[in-house]
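Colleague: here is a sequence with its predicted model. Questions after.
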2 protein chains.
Amino acid sequence: MKIDVIPYASAIRSDLIKNRNVVVIDVLRASSVMVTALANGAKAFIPVRTVEEANQKALECAGEEILLCGERDTKIIDGFHLGNSPQSYTREKVEGKTLILTTSNGTQALNRLQDAKEIFIGSFLNMNALVNRFLELDNAVLVCSGTNNNFSMDDAMCAALFMEEVMRHKNVTLSDFSITLLKAFQKDKGNLEILLKDCYHLNLLKRNGFGEDVAYCLQKSTLNIVPQMKKDRILCTENP
Amino acid sequence: MKIDVIPYASAIRSDLIKNRNVVVIDVLRASSVMVTALANGAKAFIPVRTVEEANQKALECAGEEILLCGERDTKIIDGFHLGNSPQSYTREKVEGKTLILTTSNGTQALNRLQDAKEIFIGSFLNMNALVNRFLELDNAVLVCSGTNNNFSMDDAMCAALFMEEVMRHKNVTLSDFSITLLKAFQKDKGNLEILLKDCYHLNLLKRNGFGEDVAYCLQKSTLNIVPQMKKDRILCTENP
């Protein structure tokens, strides 16, 4: 099995993802939000780029129960129902609802993947389920969403954990970038808080009062689902 | 001092390099070729993108002793004087001459750096000299040239060595990507052959009969020069 890693959203090129099985990783926090909400019974996410697009999409979804979700500069968008804190996506709030989501980084990546074969959502929270899903597949491209068009270590170390777990079960061909991430992951992989202690985005969230979100997002394999993109929607094909 | 790293040539963006001191790293082998030839008395390198441009430039340099140098698919270009094996750039062959160079990766990076403040050439061979030069400067952007538009581990580990050496002398602010490379570099940094044993480009060179080149390029700090780009030429401002 071949595994490649794309370092950040703006580095996505068609030749890297064409007909391949892509995993979009935005640990802090879009991936973690989607996995959490879908595990709590949300019907689907519709990722959009802008606030205007979110409002427009809401009008088009007449007949569905809609929530507007997302952040800019780590904070909830004015007039939206939910921000980017995964723990606020409780069953009480999201069950049966369609969630229109726009975030600074994670949803930007999703909009550049038209040529992919399948698109899955990855995070630490659903790692086991994700790895199990890929044991049946013969290739993977892990897209680290990154922060503001740059590389973000939290996404990259999540990609490294994925590779390490898959390699326990099957032979994997790694790119130079994958090898480098795996080497970086080795020393402190037992403690993600230590491994990621100097990560820019993680520290920005902590400074902005989202320390609980960070701790939540760094939990491994607490949710047993693999969200998948189908047309313009991300949803859970199995029952959680 | 702030140090950033750009993972491969096509990821160079103007906002990342504008008014910054850039080091172009193409360990295997363009950087190593340039450092070696300039240490052996070559007058200057003129990096160009294509074979046609190389021939055109040679015509424009009437009055100078010219050598046409470069590779495609790791091999010397038909009709050129020298390929991309640093050891073939002996004093006997290059002293006093102007070398027009086109390579698959290293010279491609050089052509995307118009907005940089200063541009230097980095390799394992001239590491000490390079680090000493940057002790006087207050920022650095390390451009890993990469291979075929992708990340190459040899360049990245050379960037990591640079950061580690600079950090011995002064405080450094690191990006997420720099931190990740430093972590990857830690375990086997004492033995570059082991650290880079799975590197794609290194193994491609070995398979094509360039094992001696690889061993040569992985030597640390054997040459005491820091080539620098001035207008369209790379040259050595101090005497070797």
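Modeller: Thanks, I have the structure now. Numbering: from 1, shown residues only, chains lettered A, B, ... in the order given.

Colleague: what does A:Pro47 show for phi and psi?
Modeller: phi -80, psi 130 (degrees, to the nearest 10).

Colleague: give me the distance between it and B:Met34.
Modeller: 46 Å (Cβ to Cβ, to the nearest Å). Using the backbone N, CA and C atoms, a C-beta is placed for each residue, glycine as well.

Colleague: more crowded one of these two?
Modeller: Set A:Pro47 next to B:Met34 and count neighbours by other Cβ atoms under 10 Å in any protein chain shown: B:Met34 wins out with 34 against 28.

Colleague: for the more buried one, give me the pLDDT.
Modeller: pLDDT for B:Met34: 97.

Colleague: just A:Arg49 next, same as before
Modeller: At A:Arg49, pLDDT is 89.

Colleague: the closest residue to it other than its chain neighbours - how many residues pack around it?
Modeller: Once flanking residues are discounted, A:Arg49 sits nearest to A:Asn111: 5.8 Å by Cβ to Cβ, 6 or more residues apart in numbering or on different chains. Residues within reach of A:Asn111, counting by other Cβ under 10 Å, total 14.

Colleague: again with the one 10 residues further on
Modeller: Residues within reach of A:Ile121, counting by other Cβ under 10 Å, total 29.

Colleague: for it, give me phi and psi.
Modeller: phi -110, psi 130.

Colleague: got the contact list for it?
Modeller: Counting by Cβ atoms under 8 Å, 6 or more residues apart in numbering or on different chains, A:Ile121 makes contact with A:23-24, A:31, A:34-35, A:226-229, A:234.

Colleague: surely A:Asp78 is within a strand?
Modeller: No: A:Asp78: not assigned to a strand; according to DSSP: H, G, I helix; E, B strand; the rest coil it is coil.

Colleague: distance check, it against A:Asn55.
Modeller: The value you get for A:Asp78 to A:Asn55, if Cβ to Cβ is used, is 12 Å.

Colleague: got it, and A:Cys144?
Modeller: 29 Å.

Colleague: what about these two, which has more around it?
Modeller: A:Cys144 (30 against 15).

Colleague: contacting residues for the closest residue in space to the more buried one that isn't next to it in sequence?
Modeller: Spatial nearest neighbour of A:Cys144, excluding adjacent residues (Cβ to Cβ, 6+ apart): A:Asp155 at 3.6 Å. Residues near A:Asp155 by Cβ under 8 Å, 6+ apart: A:25-27, A:144-146.

Colleague: would CSV of those with pLDDT and secondary structure be doable?
Modeller: Formatted as CSV, the contacts of A:Asp155 follow (pLDDT from 0 to 100; DSSP: H, G, I helix; E, B strand; the rest coil):
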residue, pLDDT, secondary structure
A:Ile25, 96, strand
A:Asp26, 94, coil
A:Val27, 96, coil
A:Cys144, 96, strand
A:Ser145, 93, coil
A:Gly146, 92, coil
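
Colleague: for those, pick the one with the most neighbours.
Modeller: A:Asp26 (34 neighbours).

Colleague: so what secondary structure elements neighbour the one helix or strand in chain A whose mean pLDDT sits lowest?
Modeller: Across the helices and strands of chain A, mean confidence by mean pLDDT, DSSP states H and E is lowest for helix A:106-110: a mean of 76. Counting contacts by 3 or more Cβ pairs under 8 Å, 6 or more residues apart in numbering or on different chains; DSSP states H and E, helix A:106-110 packs against strand A:21-25, helix A:30-39, strand A:44-47.
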